[in-house]
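Need the 3D shape of this:
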Amino acid sequence: MWDFVTEHWRDGVEIIILAALAYHGYLFFRATRGARILTGLLILLLSLALISQLLELEVINWLLQRISVFLAIALVVLFQPELRRVLAELGSHRMFSFNRPDPESLDVLLEAMQKLSSRRCGALFALKRGIDLKQFVETGVEVDAAMSVELITTIFHPKTALHDGGAIIDQGRIQAAGCVFPVSQKEVRDRAIGLRHRAAMGVTEETDAIALIVSEESGALSLAYRGKLEHDLEPEEVRDRLNEILTFGSVKNEPPSEDPPRELGTV
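Numbering: from 1, shown residues only. The predicted model follows:
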């Protein structure tokens, strides 16, 4: 038994590594539009490979071997958004993340969100972490001001010029407001989910930022992280999730984006 272990322990390590990669790959791709494409492509290739081996179809077998390189390039093109998300996820691990908002600024932000919620004023925030958000800052107006409840509620007042966009928070300061975030193309069961929530999901798919949302219709608070939306949260739940993410970089196991949201509406 000992001889077998010493001789084949590397095989066991390889199996564990491949299994872990396959499992995490499944977690990343299962809720994306590319999941169906990947599933269909794998079924097609495996079926062709099995048929060619059983029936000894040399031409099909030769073609499968020759197109493998081009297929790899095609997969990179098809799954470019998902691959960017995986790399952003790796770079946003807490070992590599040094940009964390201080507790005082988070308290100010949460207090402002509660006031906006009570007034039914929609709002969208992106909390910068490790990945630079300069590309989104350039779409809005640079503010570079200390965060305060009064300033935040003024920015997102319905009659101000900047209330439709998102605000970027960097190290306790409002870096920019009126910013345009990419809208997530992830499939969700309820097509009526608000554009503001999709923008929050989109910016967290492409970066390691944390997005916070105040619903304009219901005043409900939501949080988006790693492309997943956790909606209709209580203020203390938002605080707990922020502390959890900033401390451990964790995400709940269930995919919230696939569940029908409790609050619907547009930006």
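
Was I right to think Ser52 contacts Leu46?
No - judged on Cβ atoms under 8 Å, Ser52 makes no contact with Leu46 at a distance of 10.8 Å. C-beta coordinates here come from the backbone N, C-alpha and C atoms, glycine included.

Specify which residue of those two has the higher count of neighbours.
Ser52 (17 against 10; other Cβ atoms under 10 Å).

Next, that one: secondary structure please.
helix (DSSP: H, G, I helix; E, B strand; the rest coil).

isn't there a helix covering Leu38?
Yes - according to three-state DSSP, Leu38 belongs to a helix.

got the end-to-end distance for stretch 218-231?
Terminal residues of stretch 218-231 are spaced 11 Å apart (Cα to Cα, to the nearest Å).

That one: which residues count as buried?
Residues of stretch 218-231 classed as buried by neighbour count (16 or more other Cβ atoms under 10 Å): 219-231.

so what's the closest residue to His163 other than its chain neighbours scoring on pLDDT?
Spatial nearest neighbour of His163, excluding adjacent residues (Cβ to Cβ, 6 or more residues apart in numbering): Phe156 at 4.8 Å. Looking at Phe156, its pLDDT reads 95.

Also Arg100?
54.

before we move on, what about the one 3 residues further on?
Note on Pro103: pLDDT of 74.

Check Ser257 too.
In this prediction Ser257 is given a pLDDT of 40.

Check Gly40 too.
78.

now it: how far from Ala161?
46 Å (Cβ to Cβ, to the nearest Å).

same check, this time on Ala209
23 Å.

neighbour-wise, which of those two wins?
Comparing Ala209 with Ala161 by other Cβ under 10 Å, the one with more neighbours is Ala209, at 28 against 10.

Now that one. Nearest residue, chain neighbours left out?
Ala126 (4.6 Å).

is it true that the one you found lies in a strand?
Yes - in this structure, Ala126 lies within a strand as judged by three-state DSSP.

For Leu44, see how far away it is.
For Ala126, the distance to Leu44 - Cβ to Cβ - is 39 Å.

Neighbour count: the two, which is higher?
Between Ala126 and Leu44, counting by other Cβ under 10 Å, Ala126 is the more crowded of the two (27 against 10).

pLDDT score for the more buried one?
Per the predicted model, pLDDT is 95 at Ala126.

and what of the one 5 residues further on?
Among the per-residue scores, Ile131 shows a pLDDT of 82.

Name the SS class of it, please.
Per three-state DSSP, Ile131 ends up coil.

Now it: closest residue in space, sequence neighbours ignored.
Closest to Ile131 by Cβ to Cβ, 6+ apart is Thr207, at 4.3 Å.

hang on, the earlier thing: partner residues bridging the residue nearest to Ala209?
Ile168, Ala211 (DSSP bridges).

wait, what's in contact with it?
By Cβ atoms under 8 Å, 6 or more residues apart in numbering, the contact list for Ala126 reads 133, 136, 166-169, 179, 181, 200, 203-204, 207, 209-211.
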